[in-house]
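1. Sequence and predicted structure, then a few things I'm wondering about:
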Amino acid sequence: MNDINFTDDKLREMLRKATVAEPSANFTDTLMQRLPTSKPASQLSHITRLQWVIISIIAFAVFCGLCYSAVVIFNINLKNWFTVNLSALSDIVTVIAKPFKLLSEWGTIPHYSITAGVAALVLLTADLLIRRHLFNKQQTH
Amino acid sequence: MENSGDNILIEQTLNGNTVAFTHLVNRYKAMVFAIVVKVVLNKEDAEECAQDVFIKVYQALNTYKRSAKFSTWLYRIAFNAAISHKRKKKISAVELNETIYQTLTDDEIFCKFETWNDNEQRKAIDKAIEHLPPDEAVIITLFYMDEKSVDDVAFITGLSQANVKVKLHRARKKMYAQLSKLMEVI
């Protein structure tokens, strides 16, 4: 094939004459109506559900490890700790503490199961608080 | 400078300011539309597709890395969306017969072109672009009309730099052929 061709400058100059395709006048208005009402996802809320599960499991494992180490190192008697401390709280707390008390009296349950329960509650509460914070932040904008 | 202005608007959009996003849309809608219409080949479809591009960009704005220019990132999304749209609708491109009319040199074409009035010039150029395959039309638009670098064009189209250069060369040749053909007729 013959190699006759335009130079860059000539073509650039000729292309200046080309019709610039323009969208319709109401393009932006129509688009803004189609736009989702919620704001774009932030980096934190972009974390997927699976990532939340993985993060929670890792945090839970670390927490359990720390608690178990504390129990072993300081030779804490969890059964006594829960019974003494929780039953000494106010009436409301006593109600909450009842299941723990029952658990602590149930001697066959290993100590780390109680720790696991507490850790799960802590994680769930943290998760709820973060979600509520994000939701509130979104509402304020 | 333009990029820092874009970054401010992006930050504001991420904070829920939709007016900032309107500014981004107004800044880039013409070029996004120009890219999409060259692939989709239909104004109504192109408009819908261009709007889908901006919605996609809005939803994925948090994934935009500041390492690339916002316009480059946006045009890549636009190009890919247009290609997908075209695949769905199975639009076939008009292939140009690449016969080169050797009777006129590029200077002769350019001189003759200059003698035409604005309307005739516009029609001739539009016709020459219309005859290009969509990817080459987009490459020509980005490189000559939006003055993007070969690097940026390669990123937007997902082609290698060498491939972009080859396609630019081919597109120039096809436009040359088309304009020569038009001038032979006149």
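-> Arrived safely.
2. lowest confidence element among the helices and strands of chain A?
-> Using mean pLDDT, DSSP states H and E, helix A:91-105 stands out as the lowest-scoring helix or strand of chain A, at a mean of 60.
3. scratch that, chain B is what I was asking about
-> When the helices and strands of chain B are scored by mean pLDDT, DSSP H and E, helix B:106-115 comes last with a mean of 70.
4. Return the distance of whatever helix or strand comes next after it from the chain's centre.
-> With elements assigned by DSSP states H and E, the helix or strand that comes after helix B:106-115 is helix B:118-130. Its chain's C-alpha centre lies 16 Å from the corresponding centre of helix B:118-130 when counted by C-alpha atoms, centre = their mean, to the nearest Å.
5. Show the average pLDDT along the helix or strand that comes right after helix B:118-130.
-> Remark: after helix B:118-130, the chain's next helix or strand is helix B:134-140, criterion DSSP H and E. The average pLDDT within helix B:134-140 is 90.
6. What is the three-state secondary structure of B:Lys148?
-> coil (DSSP: H, G, I helix; E, B strand; the rest coil).
7. How about A:Ala18?
-> coil.
8. same question, the one 10 residues further on
-> When the structure is split into helix, strand and coil by three-state DSSP, A:Thr28 lands in helix.
9. which ones are touching it?
-> B:22, B:25-26, B:29 (C-beta atoms under 8 Å, 6 or more residues apart in numbering or on different chains). C-betas here are computed from N, CA, C, even on glycine.
10. One more: B:Trp116?
-> By C-beta under 8 Å, 6+ apart, B:Trp116 lies in contact with B:Ala124.
11. do the same with B:Ala154
-> Here B:Ala154 is in contact with B:160-161, B:163-164 (C-beta under 8 Å, 6+ apart).
12. what are the phi and psi values for B:Pro133?
-> When read as degrees, to the nearest 10, the backbone of B:Pro133 gives phi -60, psi 150.
13. Having no further points to raise, I will conclude here.
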